[in-house]
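In: Just a sequence and a predicted model for now, questions to come.
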Amino acid sequence: MLAHKKFPFIAASLTAIAAATLGWAIEARAHVASIVIDSPAAPAFAGAAIGTAGPYVTLKGRVFGELDPHDQHNTIIQDIELAPRDAHGMVQYIATFQITMPADLSKASGLMFNEVSNRGGNAIPTTAAAVVPGAIYLQSGWQGDLLAHCATDYPCTPLNVPFSGTQQVIQVPVAKNRDGSTITGPVYGHIANATGNTAQMVIFTTPVPYQPLSTDTKKTELWSLASQTITGVDGSKTLIPSGDWAWADCSTVPFPGTPDPTRICLRNGFNSDLLYEMVFTAKNPLVLGVGYAATRDIISFFHHASADLNGTANPIVDAVRKVITVGASQSGSFIRSSIHLGFNQDEQNRQVVDGAWPQIDGRQLYMNVRFALPDVITNLYMMADEAPVWWAHYPNKARHFPAEGLLDRCTDTRTCPEVLETFGSLEFYDEKMSPDLIGFTAEEDIPLPRNVHRYYYPSTTHGGGSGGFTFVANPPPTGSCVFPANPNPESDTNNALQDDFVELVMHGTQMPRSSYPTLRERLLVPATQREEGFPEIPNYPFQGNQINFAELFDFGPDIDYRNQTGIVTIQPPIIDRVLPTYAVKVDSDGNEFAGVRSVLLQAPLATYTGWNTFAAGIYKGQQCGLTASSFPFQETKAQRIAAHDPRRSVEERYGTHQGYVCVVTNAANEAVKQRFLRPTAATTLIAQAQAGNVLTDITPTDEDQEIAKRLCSPHPKGGRDDHSDDGDGSSGQ
């Protein structure tokens, strides 16, 4: 196994010797210097054959890369000019990677999926059924702060030795001043819903990745807040005396505990009904933007190179013709920002990916900034909507900037991919999605470029629900939220659109017409009950007004807001103003109808919304994070009348169990025709509905039988509510 000893991993002479041996000039060398296979090819998917491609194997390893900080393809990386360099002036990184591929590479289809890991988690399909036969799957580390969550100096787990972990990680440089001194800067952190006497400042799921310059509590203020709104209005605020807290772990040793720069110990313990926040002076910023360049170069290496500079063969050499990158949520914002910042062109000016599929996210990533926090979702005070979030060339009217868009750089270099954009209702309520469609001032629909194919999944939660056709009269609340979970799925439509997108990228087959809500059709509206048209449902009051509003943040004069790069000097940022943030109109059931409706939404058993609210804690009454909700219809007409429910009961909609199956069948068959559902999925869904419990426990009346007969006729009418406000919600490109 190859040993590396510079940065501290690759010996300075190693690359030069290899380059000379291969007859390459140093200036022209590949920028993936070497790869190391830590885990040789092992059977994937329990040895199952994937169609005609046969069995698959998986291998894992590390990439040792280097970047020229003066190359125009890299200069946009924040602080790259302050990163340590090797003897040749290169900036280095190490990243993990995994490839899952046909065991017989001759059976590869020529397509490679670059699956963007979310917070280091596995993104490659784990079941044979989810694999596109013949496709190769690649994932690699890109989030440099994942190696920062320990009390020792960065990195917690150095990657210069064989890696046996389960996360996809990358080791990036630590920036230093030109004289070698430590760089410092303000970092905002908070602690919510904590109990006990020790806690960490968590951004979303992982802790703040920076350590304080000083652990002297007299140099940092820690506050407790009784409340904080989604627009930054604080309730009662109390300064905690410096002698009552410490940078320490008190879980085993009483206050002041064991010193630990990653934890806060509170003498009297944390109150879960309070929010704790601070701004501290941090040290040693990570050059996190290297993650964009590393991903670019790793994809290009496995696409184009035959071997690394040491002669180690590319394990998928000559097997890739086209590349599609896929990422959901945080990973989707990584894809969006990567394209915006120009990283779809490699250092040889080649296009990196041919197709990009950012899912369930409409923001840019908080990564290419000094002391950035890439774990963030769209929480208060977190950078997400500073630069353009729309694809087309359109002005940022809130900041009075000229027209610009996510595709500007790739348009200039002719390296733009085909883009598949999919998202659902939750993204409007928690992920501030509407600026992607209508800008920060909500004045007009932003045109959709010809290479962007947009599909909206109405009435879904983040990533979609579990699906199925089971009627549950009184489902319990979900997690820490007030209302039951939303089961409305996205996966079936995702699978069909993936097939469509593969056909577009590989063969040029046209995508189905884009379908999403617009202002023009009055389907995007302010998030109020009146504007949305949400009905008065007993025990399910409208909560959509708790939408997570976009804000115009001022992080200081050293931020380049047009590119979301630079140096933050104001923490927490000043909220200059709250921006109009819209949601989607609903029908008389409270269900959305714009976009691509799932089969379940066309045969609804409940009201499915993109919102929910926290039941307790500091955020009680606010949007319950990435969780949406649902509320079942009454089962029978008598129950509906007794409950004063304005929505038609399940009985009044479908009459009998067979009536319901007919509605599901018609919806599934129509979705197949529109290429929004695989034929095999339609068969499965129809069988699920037939085996389900809808209306199986009631004795049908003559009226019920008549309803079912109508629904099962060759040309049914009223398969769902025939509301006058129900349009098809489609918007063309």
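Out: Structure's in. What do you need?
In: switch to C-alpha atoms for all contacts and neighbour counts from now on
Out: Will do.
In: For residue 339, the count of nearby residues, please.
Out: Neighbour count for residue 339, taken as other Cα atoms under 10 Å: 25.
In: how close does it sit to residue 364?
Out: Distance, residue 339 to residue 364, by Cα to Cα, to the nearest Å: 10 Å.
In: go on, residue 174?
Out: The value you get for residue 174 to residue 364, if Cα to Cα is used, is 23 Å.
In: Over to residue 399?
Out: For residue 399, the distance to residue 364 - Cα to Cα - is 16 Å.
In: What of residue 692?
Out: 42 Å.
In: so what pLDDT did the spatially most central residue of the chain get?
Out: Nearest to the geometric centre of the chain sits residue 329, at 0.9 Å (Cα atoms, centre = their mean). At residue 329, the model reports a pLDDT of 95.
In: residue contacts, it?
Out: Counting by Cα atoms under 8 Å, 6 or more residues apart in numbering, residue 329 touches 118, 358, 359, 360, 361.
In: how's this structure carved up into domains?
Out: Domains of the chain are assigned by automatic domain parsing as 1-177+284-319, 184-283, 321-733.
In: roughly how far is the shortest one from the heart of the chain?
Out: Relative to the mean C-alpha coordinate of its chain, domain 184-283 is positioned 27 Å out (Cα atoms, centre = their mean, to the nearest Å).
In: end to end, how far does it reach?
Out: 4 Å.
In: returning to what we had before: who has more neighbours out of residue 692 and residue 364?
Out: Using other Cα under 10 Å as the criterion, residue 692 and residue 364 rank with residue 364 on top: 27 against 17.
In: For residue 409, see how far away that one is.
Out: With Cα to Cα as the criterion, residue 364 and residue 409 are 15 Å apart.
In: Quick one: low-confidence residue ranges for the stretch 451-600 of the chain.
Out: Of all residues in the stretch 451-600 of the chain, none has pLDDT under 70.
In: where along it do the strands fall?
Out: Using DSSP state E, counting those that start in this stretch, the strands of the stretch 451-600 of the chain run over 452-457, 524-526, 551-554, 559-560, 565-567, 574-578, 582-584.
In: what lines up beside the third one in the sheet?
Out: Strands that pair with strand 551-554, judged by DSSP bridges, come out as strand 574-578 (antiparallel).
In: again, but for the fourth one
Out: The pairing partners recorded for strand 559-560 under DSSP bridges are strand 565-567 (antiparallel).
In: Only the buried residues of the partner strand, if you could.
Out: By neighbour count with 16 or more other Cα atoms under 10 Å, strand 565-567 contains the buried residues 565, 566, 567.
In: Kindly report the same for stretch 399-414.
Out: Counting neighbours by 16+ other Cα under 10 Å, stretch 399-414 gives 404, 405, 406, 407, 408, 409, 410 as buried.
In: Which pair in the residues you listed has the greatest spatial separation?
Out: 404 and 410 (12.0 Å; Cα to Cα).
In: isn't residue 238 right up against residue 274?
Out: No. Here residue 238 does not reach residue 274: they are 10.3 Å apart, not a contact under Cα atoms under 8 Å.
In: These two - which one has more neighbours?
Out: Neighbour totals were compared for residue 238 and residue 274, and residue 274 leads with 22 against 12 (other Cα under 10 Å).
In: What separation is there between the more buried one and residue 571?
Out: Residue 274 is 20 Å from residue 571, by Cα to Cα.
In: go on, residue 519?
Out: With distances taken as Cα to Cα, residue 519 is found 35 Å from residue 571.
In: cool, and residue 187?
Out: According to Cα to Cα, residue 187 and residue 571 sit 7 Å apart.
In: so what sits against both of these two?
Out: Common neighbours of residue 187 and residue 571 (Cα under 8 Å, 6+ apart) are residue 279.
In: and these two? which has more neighbours close in?
Out: Between residue 187 and residue 571, counting by other Cα under 10 Å, residue 187 is the more crowded of the two (25 against 18).
In: what's the following helix or strand after the helix or strand where the more buried one lies?
Out: Element membership for residue 187, per DSSP states H and E: strand 184-192. Once strand 184-192 ends, the next helix or strand along the chain (criterion: DSSP H and E) is strand 198-199.
In: What pairs with the next helix or strand along the chain from that next one, parallel or antiparallel?
Out: Downstream of strand 198-199, the next assigned helix or strand under DSSP H and E is strand 211-212. Partner strands and pairing direction for strand 211-212 (DSSP bridges) are strand 275-283 (antiparallel).
In: Looking at the partner strand now, give me its mean pLDDT.
Out: Taken as a whole, strand 275-283 has a mean pLDDT of 97.
In: Please apply the same query to stretch 644-663.
Out: The pLDDT scores in stretch 644-663 average 98.
In: which one is residue 235 nearest to, not counting chain neighbours?
Out: Distances taken as Cα to Cα, 6 or more residues apart in numbering put residue 227 closest to residue 235, at 4.7 Å, once the chain neighbours are dropped.
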